[in-house]
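Student: have a look at this fold, sequence not included:
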């Protein structure tokens, strides 16, 4: 639960200044073992106006939010843990210190049973985003793929493998897609498939996992780390598990070096490509 409340401004350093009519709310968020929880979200919902302010904890679990004076419902949560809430009065020019907040794991987030789980292509997406001339973000996807998740007797012993048809790339522009399929980029004639395999599953906290694996793209194999969020289990036309995962790739690591440069050295296509996977897998 929340620690003892106290109102102090600048107790351990320089005085804290506030905008007129505002106050400060802070907490230190820790897990059940007392470890800091970076990224924990604190939400302040004003009781009368229903206005909501949100902010995330830093690497040490410290979360700080400035809010207009008033009565708030304060919620602190991290995926995979039970949300903690309490009513708080925020006063002008005051610091409401909630102290240490210890979150308890949500035991309702059940892990999948051991066995084979096949990707459902109708409810799974493999998407990417790249920068174009430093102005816009080009969004694309691969529409042809198959894969499976093998869940081990221990979750840490699981593995996942995915095969992607390179020619299925789709950015909504046929002309651009043809260029991406050419030897300048994916070179689909020589390298028709991308392959990803990961066999190191590491729990981070709550519903957060890290997957370490290898991506083979255009004949080059490189280590890739996925930051994954496990979404739980559902029953709908079979038993299903859900997850989302993100990572970043650098084109040059896979010998995709094509580039054009505009005035003042501005590149046409950015080097970094953001990847997002939305996964549903059905128990075989």
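Tutor: Looks like it arrived, so ask away. Model, not experiment: these values are computed from the prediction.
Student: mind listing what the residue lying closest to residue 59 once chain neighbours are set aside touches?
Tutor: Leaving aside its sequence neighbours, residue 59 sits nearest to residue 38 (C-beta to C-beta, 6 or more residues apart in numbering; 4.8 Å). For glycine as for every other residue, the C-beta is placed from the backbone atoms N, C-alpha and C. For residue 38, the contacting residues are 57-61, by C-beta atoms under 8 Å, 6 or more residues apart in numbering.
Student: who's residue 194 bridged to?
Tutor: When assigned by DSSP bridges, residue 194 has beta-bridge partners residue 164.
Student: surely it meets residue 219?
Tutor: No. Under the criterion of C-beta atoms under 8 Å, residue 194 lies out of contact with residue 219, with a separation of 10.5 Å.
Student: out of the two, which sits in the more crowded spot?
Tutor: Legend: neighbour count by other C-beta atoms under 10 Å for residue 194 and residue 219, higher for residue 194 (22 against 10).
Student: what's the pLDDT at that one?
Tutor: If you check residue 194, the pLDDT there is 97.
Student: and the gap between it and residue 249?
Tutor: In this view, residue 194 and residue 249 are 11 Å apart by C-beta to C-beta, to the nearest Å.
Student: joint contacts of those two?
Tutor: 215, 217.
Student: tell me how far the nearest residue to residue 213 once chain neighbours are set aside lies from residue 247.
Tutor: The shortest distance from residue 213 to any residue other than its chain neighbours is 2.7 Å, reached at residue 198 (C-beta to C-beta, 6+ apart). From residue 198 across to residue 247, the span is 11 Å (C-beta to C-beta).
Student: tell me which of these two has more neighbours.
Tutor: Neighbour totals were compared for residue 198 and residue 247, and residue 198 leads with 23 against 18 (other C-beta under 10 Å).
Student: and the helix or strand harbouring residue 229, what does it pack onto?
Tutor: Assignment of secondary structure by DSSP states H and E places residue 229 within strand 220-235. In this structure, strand 220-235 packs against strand 193-205, strand 208-217, strand 239-250, with contacts taken as 3 or more C-beta pairs under 8 Å, 6 or more residues apart in numbering; DSSP states H and E.
Student: in a markdown table: those strands, plus distance to residue 277.
Tutor: Output for the helices and strands packed on strand 220-235, formatted as a markdown table (distance: least, C-beta to C-beta, whole Å):
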| stretch | distance to residue 277 |
| --- | --- |
| strand 193-205 | 9 |
| strand 208-217 | 10 |
| strand 239-250 | 4 |
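Student: of all these, which lies closest to residue 42?
Tutor: Nearest to residue 42, of all the helices and strands packed on strand 220-235, is strand 193-205, at 16.4 Å by C-beta to C-beta.
Student: tilt between that closest one and strand 220-235?
Tutor: Relative orientation of strand 193-205 with respect to strand 220-235: 60 degrees, computed using axes from the mean of the first three to the mean of the last three C-alpha atoms, to 10 degrees.
Student: please name every helix or strand in contact with strand 193-205.
Tutor: In terms of contact count using 3+ C-beta pairs under 8 Å, 6+ apart, strand 193-205 is assigned the packing partners strand 159-165, strand 208-217, strand 220-235.
Student: now do the buried residues in the second one.
Tutor: Neighbour-count burial for strand 208-217 flags 208-209, 211, 213, 215-217 (criterion: 16 or more other C-beta atoms under 10 Å).
Student: format those as TSV; extra columns: pLDDT.
Tutor: As requested, these are exported to TSV (pLDDT from 0 to 100):
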residue	pLDDT
208	87
209	93
211	97
213	97
215	97
216	96
217	94
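Student: how many neighbours does the spatially closest residue to residue 238 that is not a sequence neighbour have?
Tutor: For residue 238, the nearest residue in space outside its immediate sequence neighbours is residue 282; the separation is 4.7 Å by C-beta to C-beta, 6+ apart. Residue 282 is surrounded by 16 other residues when neighbours are defined as other C-beta under 10 Å.
Student: my read: residue 282 touches residue 118, true?
Tutor: Yes. Using C-beta under 8 Å, residue 282 is in contact with residue 118, at 5.6 Å.
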